[in-house]
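[1] I would like to see how this sequence folds:
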Amino acid sequence: MTKGTNIENIESDLIGNLDRDFNILIRGILSDLSSEQKAISPIDTGFFISSWTASTQRPRPDDARETIAPWSNIQPTRQRRKSPQAKVEPRFINLVPNFKPFSKVFIGNRSQYAARALASTRSKIPQYVQGQLRSLINKVFTEKPKLGVATFGTGVRGSEINPNVRFKGTGIGRFSDPTSVFVDYETP
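    Got it, this is the predicted structure:
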């Protein structure tokens with residue numbers, strides 16, 4: 001959230017919020033692609049769905065299922081259905097670093113057969129990218145900026161409600177009215 005109420009902090013606050021939301025979005029995408037319940041990625045042995053990662057460089061599809069346990073012991077069915085021994089255990093989600101705002105981030109799959117799995121008729125990844133991803137972006141980036149303008153003491157002299165207010169507020173033009181307490185602008 002915000003560091004303080006001073007206008008000097010606005011740039012660092014906005015960059016901090018963008019940084020946080022950007023990284024939440026990347027982890028949300030990886031979580032969606034690695035989710036067995038959402039059924040976006042096809043599952044046979046579970047290796048493909050478990051191999052999603054994000055990096056500032058293109059992830060290389062160079063991991064062979066046959067060399068990585070527990071998938072090396074699972075035989076693929078190759079019949080458009082999930083193997084009974086399939087394991088879905090995301091391998092890289094906890095290893096993804098925090099990315100800086102405005103950096104180029106690649107989300108990809110490390111399995112050697114990623115291209116075939118993406119082109120599979122069971123793959124819903126193109127539909128996810130073209131449709132569901134927008135709703136995730138809108139959900140993550142929902143914070144509406146709020147701008148408030150006031151002076152110290154808020155123009156109210158000490159009263160029973162605000163006994164600690166000791167200074168008369170001042171302003172310029174139509175904001176110089178001492179009865180004005182707070183001008184609040186909120187974006188839709």
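
[2] Skip the chain neighbours and tell me the closest residue to the residue positioned nearest the centre of the chain.
    Taking Cα atoms, centre = their mean, the centroid of the chain lies closest to L25, which sits 1.9 Å from it. Leaving aside its chain neighbours, L25 sits nearest to V140 (4.6 Å; criterion: Cβ to Cβ, 6 or more residues apart in numbering). To be clear about C-beta, it is placed using only N, CA and C from the backbone, and glycine gets the same treatment.

[3] got the contact list for the helix or strand where A117 lies?
    Using DSSP states H and E, A117 sits in helix 114-118. Under the criterion Cβ atoms under 8 Å, 6 or more residues apart in numbering, residues 41-42, 48, 51, 61, 108-109, 111, 123, 125 lie in contact with helix 114-118.

[4] quick one: which of these is nearest to R81?
    P42 (9.9 Å; Cβ to Cβ).

[5] Next, the closest one: secondary structure please.
    Classification of P42 using DSSP: H, G, I helix; E, B strand; the rest coil returns coil.

[6] Repeat that for the one 3 residues further on.
    In three-state terms, and counting by three-state DSSP, T45 is coil.

[7] For it, give me its contacts.
    Neighbouring residues of T45 by Cβ under 8 Å, 6+ apart: 65, 71, 74-76, 83, 85-87.

[8] rewinding a little: the residue nearest to L25: neighbouring residues, count only.
    Residue neighbour count, defined by other Cβ atoms under 10 Å, stands at 18 for V140.

[9] Can you give me the pLDDT of it?
    Predicted confidence (pLDDT) for V140: 85.

[10] For it, give its distance to I125.
    The gap separating V140 from I125 is 19 Å, by Cβ to Cβ, to the nearest Å.

[11] And for D13?
    Separation of D13 from I125 (Cβ to Cβ): 35 Å.

[12] same question, A117
    From A117 to I125 the distance is 9 Å (Cβ to Cβ).

[13] Those two - which one has more neighbours?
    Per other Cβ under 10 Å, whichever of A117 and I125 has more neighbours is A117, with 22 against 17.

[14] Could you check the pLDDT of the more buried one?
    Note for A117: predicted pLDDT of 87.

[15] Then R58?
    90.

[16] Leaving out the residues flanking it, which one is nearest to it?
    Nearest non-adjacent residue to R58, counting by Cβ to Cβ, 6+ apart: F106, 4.9 Å away.

[17] ok, now L95?
    Leaving out its chain neighbours, the residue that sits closest to L95 by Cβ to Cβ, 6+ apart is T53, at 7.5 Å.

[18] I figured D19 hits P101, correct?
    Yes: using Cβ atoms under 8 Å, D19 is in contact with P101, at 5.0 Å.

[19] what's the overlap in contacts for A117 and I125?
    Shared contacts of A117 and I125, counting by Cβ under 8 Å, 6+ apart, come down to S41.

[20] Kindly list the longest helix within the chain.
    With secondary structure taken from DSSP state H, the chain has its longest helix at helix 10-33.
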